[in-house]
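Predicted model and sequence follow; I will ask about them next.
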Amino acid sequence: MRFGAGAVEALPVIAGVFVAAALLALALTPVARRLALRFELVDRPDPRRVNAVPIPRGGGLAAAAAFVTVSVVIVILDGGLLPVGRIGPLTTSELVALIGGGALAALLGVLDDYFDLRARWQLMAQLLLAFLVVALGIGVDVINNPLGPGVIRLEGVFEVAFTVVWVLGMINSINFIDGLDGLSSGVAIIAAVTLGLINLTAGIDQPQVAIFCFAFAGAVLGFLRWNFHPATIFAGTSGVFFFGFCLALLSILGTAKIAVALLVLGVPIIDTFWIIVRRLVSGRSPFSPDRGHIHHRLLDLGLSHRQTVLLIYGICLLLAVLTFLLSGTGQVYAFLAIVVGFGLVLVALTRRAPEEEILRAETYIDDPDAPSPDAPSPDAPDLDAPHPDAGA
């Protein structure tokens, strides 16, 4: 891998924004946890969840706040203080889409965290985010041709349709894999770092986009400290929307890197694809919950909660390495091969673990001495007790 001319110049800035975003998210996440408890944004144990005690959600707000804060500072300083402003600068519309859209995504997600909205309303929020991107003039107008050399250019309605589907697909891929502590956040970090490094290579040389990739990765890393197993806070829909939306934007800003994102996020994307296919074939809604995801199947095979998460991290890292070894067309071929292979693995695992088996949270606790889902936790908040400010 050979870095571009602007990479060395941008490295001190990249290191600074990564550390700043990580420290800010690390400090803000406990604040988000207290707010979640205050407003009872809590995931209670039920047959389709793996948490055995109530866990606050909405932690994505902390990561989003850290990213937005650091990004605004970047934009202000880039008026003349940063050395990378002249190298492939992002347009105002692109900055508004990334920073403002990321903040809006987190806020829309909080509405679901609080009101527990139906799937149709979540879809409406995702469509709003996707059409915001299109309205700001951002789209996927070029993709690699999987059938041969060259590219396929998208124009008009095809560009709009592909962009909308891309944003929706990224958000829902993160949503569907957000089933274990630290899983979606860790995968998002791997994807963001990979996109950041790709932007620093000689063939692309867009260090400003890379800076935002590492600001995003740092913010999610700071949150991951509190979200890794055993989690004290979940990302919630605010985190899912924020992670998915930002990754969708970061992969299409500047020179579109759709094939890179497809390959690095191959596990959640393909898991989402096969889950939707299986649900539709069985006559169910594609958004109906079940225990057919790859992480559920790995748990059924006997892997612990942490082992399952680390294994999926490892697969994503291997796919990330492939992005640097393959060309654009090779990346597409690799992704298509993974689609087929992943589907065969899921079929085999499904045969070993019937879908109608109830998802039991207590089977996914690494510590055998941990309390059962029905037993109260000494650290769990008393959610039925009146809040001290009630009636004030």
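Now that the structure is in, tell me what you want to look at.

mind listing the helices for the protein?
Secondary structure of the chain (DSSP state H): helices at 7-38, 60-77, 92-95, 101-115, 119-135, 157-177, 183-200, 207-227, 236-250, 258-264, 266-281, 294-300, 305-325, 328-352.

now the first one and helix 183-200, what's the angle there?
Just to be clear, that refers to helix 7-38. Inter-element angle recorded for helix 7-38 and helix 183-200: 160 degrees (by axes from the mean of the first three to the mean of the last three C-alpha atoms, to 10 degrees).

by contact count, what packs against helix 7-38?
Packing partners of helix 7-38 (3 or more C-beta pairs under 8 Å, 6 or more residues apart in numbering; DSSP states H and E): strand 55-56, helix 60-77, helix 183-200, helix 207-227. Glycine gets a C-beta too; all of them are placed from N, C-alpha and C.

Can you give me the distance of the residue positioned nearest the centre of the chain to residue 270?
Nearest to the mean C-alpha position of the chain, by C-alpha atoms, centre = their mean, lies residue 243 at 3.7 Å. Counting by C-beta to C-beta, to the nearest Å, the gap between residue 243 and residue 270 amounts to 17 Å.

and residue 127, how many neighbours?
The tally of other residues near residue 127 (other C-beta atoms under 10 Å) stands at 13.

Please verify my assumption that residue 133 contacts residue 163.
Yes - between residue 133 and residue 163 there is a contact at 6.2 Å, judged by C-beta atoms under 8 Å.

Which one of these two is surrounded by more residues?
Higher neighbour count among residue 133 and residue 163: residue 133, with 25 against 21, using other C-beta under 10 Å.

remind me which residues of the stretch 201-350 of the chain are low pLDDT?
Applying pLDDT under 70 to the stretch 201-350 of the chain picks out residues 287-292, 327-329, 342-343, 346-350.

how about 80 then?
Along the stretch 201-350 of the chain, the parts satisfying pLDDT under 80 run over 254-256, 273-275, 277-279, 282-293, 296-297, 300, 326-350.

hmm, back to that, any idea which of the helices and strands packed on helix 7-38 is most buried?
Of all the helices and strands packed on helix 7-38, helix 207-227 carries the top mean neighbour count, a mean of 28, counting by mean count of other C-beta atoms under 10 Å.

and that helix with helix 236-250, angle?
160 degrees.

Check which helices and strands helix 207-227 sits against.
helix 7-38, helix 60-77, helix 183-200, helix 236-250.

Tell me how far residue 37 lies from residue 43.
Distance, residue 37 to residue 43, by C-beta to C-beta: 12 Å.

out of those two, which sits in the busier spot?
residue 43 (20 against 17).

Now do that one, the pLDDT please.
On the pLDDT scale, residue 43 is placed at 88.

With residue 142 instead?
At residue 142, pLDDT is 85.

where's it relative to residue 259, distance?
11 Å.

Among these two, which residue is more densely surrounded?
Each of residue 142 and residue 259 has its neighbours counted (other C-beta under 10 Å); residue 259 has more, 23 against 15.

so what's the residue nearest to that one when sequence neighbours are not counted up against?
The shortest distance from residue 259 to any non-neighbouring residue, by C-beta to C-beta, 6 or more residues apart in numbering, is to residue 331 (3.9 Å). Counting by C-beta atoms under 8 Å, 6 or more residues apart in numbering, residue 331 makes contact with 144, 259, 260, 262, 263, 322, 323.
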